[in-house]
Structure formats: structure tokens, C-alpha cells
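S.K.: Quick one: sequence plus predicted model below, questions after.
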Amino acid sequence: MVCYNAHMYTLFYRPTCPYCRKVLAAAQELGIVFDLRDIGEEVYRAELVERGGKQQVPYLVDREKGVEMYESDDIVEHLKNAKAALR
Ligand SMILES: N[C@@H](CCC(=O)N[C@@H](CS)C(=O)NCC(=O)O)C(=O)O
């Protein structure tokens, strides 16, 4: 059995951001859960800029693979590949 836990993936997002919604919908379809960080909160906004270098969401942190990325299309592809690799 494959178990995805909430701490494997962190997603910096804004609830109103359409690109974030696209990533959230894809993740839901794949059965992937995120540790969600709403950058409306100053502490997460600062963490995002420190990690990635710019204030843009969505931003994924994959702790298991040790990779982090911007761009919703890249994030969705990364999640699909990660899920496929575990099958
Ligand atoms: N090409 C990017 C576009 C991301 C984007 O435009 N994000 C906007 C929100 S929808 C953003 O981060 N704006 C700065 C902010 O919200 O602080 C993607 O597909 O992820």
C-alpha cells in the first residue's frame, strides 16, 4: 500500500489563485495531500521568498525528492510522475 503523508509535500499557495487551484485539483485526483501554506500569512510569504527567491505561487516543496519548484504545469507533471513511479 502506498501512503502519502501531509508532510511529504508542502504547497505555498493563495486560495484565490487559479494556478494554485489547478494544482490542488490535480493533487486531489491523484490522492495527494499537501501541507498547505497560505502566503496571505506573512510568515509563509517570507518563507516562500527565502526558499524560492520570488513571491509567486504555487510553489511546491517535495521533501522526499529534495526538489522545489514554481510553475503550476511543472508541479502537476511532477506530482503525476511521482505517483506513477510509486505504482
Ligand atoms: N505561470 C505561473 C503563474 C503563477 C501566478 O501568476 N501566480 C500569481 C497568483 S495567481 C502570483 O503568484 N502572484 C503574486 C502573489 O499572489 O503574491 C504558474 O502557472 O504557476
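M.R.: Alright, I've got the coordinates. Residues are numbered from 1 along each chain as shown.
S.K.: Which stretches in the chain count as helices?
M.R.: 18-30, 42-52, 72-85 (DSSP state H).
S.K.: Adding mean neighbour count and mean pLDDT, write those out as a markdown table.
M.R.: Glycine gets a C-beta too; all of them are placed from N, C-alpha and C. Formatted as a markdown table, those follow (neighbours: other CB atoms under 10 Å; pLDDT from 0 to 100):
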| stretch | mean neighbour count | mean pLDDT |
| --- | --- | --- |
| helix 18-30 | 16 | 97 |
| helix 42-52 | 14 | 98 |
| helix 72-85 | 16 | 95 |
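S.K.: possible to save the ones you listed as TSV with distance to Met8?
M.R.: Below are the helices of the chain laid out as TSV (distance: least, CB to CB, whole Å):
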stretch	distance to Met8
helix 18-30	11
helix 42-52	16
helix 72-85	9
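S.K.: Dump those to TSV, plus distance to the ligand.
M.R.: Converted to TSV, these look like this (distance: least, CB to the nearest ligand atom, whole Å):
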stretch	distance to the ligand
helix 18-30	4
helix 42-52	8
helix 72-85	4
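S.K.: Report how many residues lie close to Asp35.
M.R.: When neighbours are counted by other CB atoms under 10 Å, Asp35 registers 14.
S.K.: My error: substitute Gln55 in the last question.
M.R.: Gln55 has 12 nearby residues by other CB under 10 Å.
S.K.: wait, doesn't Asp38 sit right on Arg45?
M.R.: No: the pair Asp38 / Arg45 is not scored as a contact, 9.1 Å apart, by CB atoms under 8 Å.
S.K.: rewinding a little: quick one: which of the helices of the chain is nearest Thr10?
M.R.: Thr10 lies closest to helix 42-52 among the helices of the chain, at 9.4 Å (CB to CB).
S.K.: helices or strands up against that closest one?
M.R.: Counting contacts by 3 or more CB pairs under 8 Å, 6 or more residues apart in numbering; DSSP states H and E, helix 42-52 is packed against strand 9-13, strand 35-38, strand 59-62, strand 67-70.
S.K.: Thanks a lot, see you next time.
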